[in-house]
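Undergrad: compute the structure for the input listed below.
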Amino acid sequence: MNQVTMGVLEQPLPERKTVQTPGGIISYREAGRGPALFLLHGMNGNSRSWAQQLKALSDSYRIIAWDAPGYGLSDPVAPDADAYAAQAAHLLDRLNIERAHVVGHSMGGVISERFCARHLNRATSLVLSGTHWGNAAPEGAPLAAKYARRLQELEDMPAEEYGKVRAEKMLPSSPQPDVFDQVAHVASEMRREGLLNGGQMVEKTDNRPFLPALKLPVLIITGDRDPVVKPQRSEAMMDYLPSARAVSLPGVGHAAYLEAPDVFNRAVREFFTSIEQA
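TA: Residues are numbered from 1 along each chain as shown. Coordinates of the predicted model:
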C-alpha cells in the first residue's frame, strides 16, 4: 500500500455536514482552524476529491470543501454560473466566513472565477487548477456532445464502471493504481442532475469579461499531461490576468490535487504564505 492510500486510511475524511441556504441545501466537509480555505471540485468530483488537502493543509487553515449544487447532498440550481456563485457565497455566509482563499479545479475554477468577480471582497486569493474561462457556447446551443455522451454513460453503466471510464479520461496512461481507484471512486458517486446542470453551466459560461476585474493574487496550476484541459488553455487566462503566477506540474494529468498532492499542496501553501507575509 503506498503513501496516498495510507494517508487517506489513517486519517478518515471529515463527515459531510449540511446547511440550508436561500438556494437550497449545500453539503460540505470541514477541517482545521485558521484562515479560511474554500475548495471547489471539478465536474467528476465532489468534496471527497480534496482528501489530501483536507489532511495536509488543515494544520494551518480552516478548510471548507463543498459539494457543488447537484453533488453529494447539495440541491441542484439553475445551470448558470451566477447561480453557482451565489450558492458559494451563501455557504460562506452560513459558516460566518467573510473572506477566504479560494481554490477551484476545472468546473470549480469556472465557478470560482465568477464567485470572485461577483463578490470582490470575499476572496483573499484565487488558485485556478486545470481550468479555463468556460466554453462560451452561444445561447440556445445544444448540450455539447461530450457531456451528452457522459449522461448516456451514466444512465447505461453501473456506477463503478462509469467511475473507471471517467478516471481513464482524466489521468495519464499508466497512472498509479491507488490514484486511479480514488478518482474512479469519487466519479462513481456522480448524480445525473449534477452532471447535466454542471455541463450546461460550463458550456455556456464565458468568464473573459469578468477576469480583468479580479485584482486579487491568482495562481494558475496546470498538469503538463492534462488530457481534459490542455495547459495552454489554462495559461491563456493570463492574457486577462497579467499579474497571475503559473506553475506547471510535470507528469500530471487532470487530478493534480491527488496525483501529486505533495507538490500541489506545497505550491498552494507557498502562494498563500507569500500573500500573508506581504
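
Undergrad: what distance do you get for R208 to N135?
TA: In this view, R208 and N135 are 12 Å apart by C-beta to C-beta, to the nearest Å. Glycine gets a C-beta too; all of them are placed from N, C-alpha and C.

Undergrad: repeat for A68
TA: A68 is 17 Å from N135, by C-beta to C-beta.

Undergrad: dump the residue contacts of the residue nearest the centre of the chain.
TA: Closest residue to the average C-alpha location of the chain: H41 at 2.5 Å, with C-alpha atoms, centre = their mean. The contact partners of H41, by C-beta atoms under 8 Å, 6 or more residues apart in numbering, come to S47, S49, W50, A65, W66, D67, A68, Y71, H105, S106, M107, G108.

Undergrad: from these, which land in strands?
TA: In strands, judged by DSSP state E, the following of the contacts of H41 are found: A65, W66, H105.

Undergrad: make TSV out of those residues and add pLDDT, neighbour count and distance to R16.
TA: Output for the ones in strands among the contacts of H41, formatted as TSV (pLDDT from 0 to 100; neighbours: other C-beta atoms under 10 Å; distance: C-beta to C-beta, whole Å):
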residue	pLDDT	neighbour count	distance to R16
A65	98	28	10
W66	98	26	10
H105	98	29	19
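
Undergrad: for the residues you listed, please prepare a markdown table with the additional fields distance to A56.
TA: A markdown table is the format used below for the ones in strands among the contacts of H41 (distance: C-beta to C-beta, whole Å):
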| residue | distance to A56 |
| --- | --- |
| A65 | 13 |
| W66 | 19 |
| H105 | 16 |
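
Undergrad: give me the below-cutoff pLDDT ranges for the stretch 101-250 of the chain.
TA: Of all residues in the stretch 101-250 of the chain, none has pLDDT under 70.

Undergrad: ramachandran angles for the nearest residue to I97 once chain neighbours are set aside?
TA: Using C-beta to C-beta, 6 or more residues apart in numbering and skipping the chain neighbours, the partner closest in space to I97 is A36 (4.6 Å). Main-chain dihedrals, A36, degrees, to the nearest 10: phi -70, psi 140.

Undergrad: number of nearby residues for A36?
TA: The tally of other residues near A36 (other C-beta atoms under 10 Å) stands at 23.

Undergrad: and the strands in the stretch 101-250 of the chain?
TA: Listed in chain order, the strands found in the stretch 101-250 of the chain under DSSP state E, counting those that start in this stretch are 123-129, 218-223, 245-249.

Undergrad: list the beta-bridge partners for the nearest residue to E235 once chain neighbours are set aside.
TA: Nearest non-adjacent residue to E235, counting by C-beta to C-beta, 6+ apart: A246, 6.0 Å away. Going by DSSP bridges, A246 is paired in beta bridges with I220.

Undergrad: separation between G72 and D206?
TA: For G72, the distance to D206 - C-beta to C-beta - is 27 Å.

Undergrad: cool, and H101?
TA: From H101 over to D206 (counting by C-beta to C-beta), the distance is 25 Å.

Undergrad: give me the more crowded residue out of those two.
TA: Each of H101 and D206 has its neighbours counted (other C-beta under 10 Å); H101 has more, 25 against 14.

Undergrad: got a list of what that one touches?
TA: H101 touches P35, A36, L37, F38, Y61, A123, T124, S125, L126, V127, F272, counting by C-beta under 8 Å, 6+ apart.

Undergrad: show the pLDDT at the nearest residue in space to the third one that is not next to it in sequence.
TA: The one in question is L37. Spatial nearest neighbour of L37, excluding adjacent residues (C-beta to C-beta, 6+ apart): Y61 at 4.0 Å. pLDDT, Y61: 97.

Undergrad: and the one 10 residues further on, by the same measure?
TA: Here, the pLDDT recorded for Y71 equals 98.

Undergrad: same check, this time on M6
TA: pLDDT, M6: 35.

Undergrad: can you check Q11 too?
TA: 57.

Undergrad: that older thread, of A68 and N135, which one has the most company?
TA: A68 (28 against 17).

Undergrad: am I right that that one is in contact with L195?
TA: No - using C-beta atoms under 8 Å as the test, A68 is too far from L195 to be in contact (10.7 Å).

Undergrad: that older thread, which ones are touching the residue nearest to L37?
TA: With C-beta under 8 Å, 6+ apart, Y61 has these contacts: G32, R33, G34, P35, A36, L37, H101, F272.
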